[in-house]
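Student: Sequence below, structure please.
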Amino acid sequence: MITKEHILNLADAHLAGSSVYITNIKIGGDNHININIDGDKGVNIDDCVALSRAIEGALDRDEEDYSLDVSSHGATTPLVLPRQYKRHIGRTLEVKFPDGNNAEGELIKLNDNGFTLQYSVRENKPIGKGKVTVVKEQTILFAEIKEARIKLKY
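Tutor: Below you'll find the predicted structure:
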């Protein structure tokens, strides 16, 4: 039986020392292996092909039949590892919290425990009538979020 741990070990051995890393591995009941990868500088088709060939070279189809798909993490897929946030500094992030609340803003800072979003809101003027645009920052811990996605601009 092909296990997730075995595939992860094969992938980690191939990717050791590179800027590419695994974000997800799924193995279906029919031995359909689906691997998603990301990289500190992004990934390209050559990264996917190289990992696919490395894993296929280590598995024996005579022992157990399988199918294998290796693809990039995807632009609309939620971020799953703190490592992924670094290359998205300066981009807009949509964050969902377990309590149902959401936050959206520009990712401006990152540390080991979380990140800071910057956003603009319209608030009443402190004196007089009307509104004024105020820039605010919100620090969010990785442990506090349910999901975070990059908001694409069209």
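Student: which element is the spatially most central residue of the chain on?
Tutor: Nearest to the mean C-alpha position of the chain, by Cα atoms, centre = their mean, lies Leu79 at 2.6 Å. Here Leu79 sits in a region with no helix or strand, counting by DSSP states H and E.
Student: So for it, what's the nearest residue that isn't a sequence neighbour?
Tutor: Leaving aside its sequence neighbours, Leu79 sits nearest to Ala148 (Cβ to Cβ, 6 or more residues apart in numbering; 4.9 Å). For the C-beta atoms, the positions are set from N, CA and C on the backbone; glycine is no exception.
Student: Packing partners of the host helix or strand of that neighbour?
Tutor: For Ala148, the element it lies in under DSSP H and E is strand 147-150. Applying 3 or more Cβ pairs under 8 Å, 6 or more residues apart in numbering; DSSP states H and E, we find strand 147-150 packed against strand 92-96.
Student: and with 10 Å instead?
Tutor: Packed against strand 147-150 by the contact rule (3 or more Cβ pairs under 10 Å, 6 or more residues apart in numbering; DSSP states H and E) you find strand 92-96, strand 102-110.
Student: can I get those strands in CSV with mean neighbour count and distance to Asn24?
Tutor: Converted to CSV, the helices and strands packed on strand 147-150 look like this (neighbours: other Cβ atoms under 10 Å; distance: least, Cβ to Cβ, whole Å):
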stretch, mean neighbour count, distance to Asn24
strand 92-96, 18, 18
strand 102-110, 16, 21
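Student: Quick one: closest of those strands to His14.
Tutor: In terms of Cβ to Cβ, the element of the helices and strands packed on strand 147-150 nearest to His14 is strand 102-110, at 27.3 Å.
Student: Looking at strand pairing, list the partners for the residue nearest to Leu79.
Tutor: Beta-bridge partners of Ala148, counted by DSSP bridges, are Val95.
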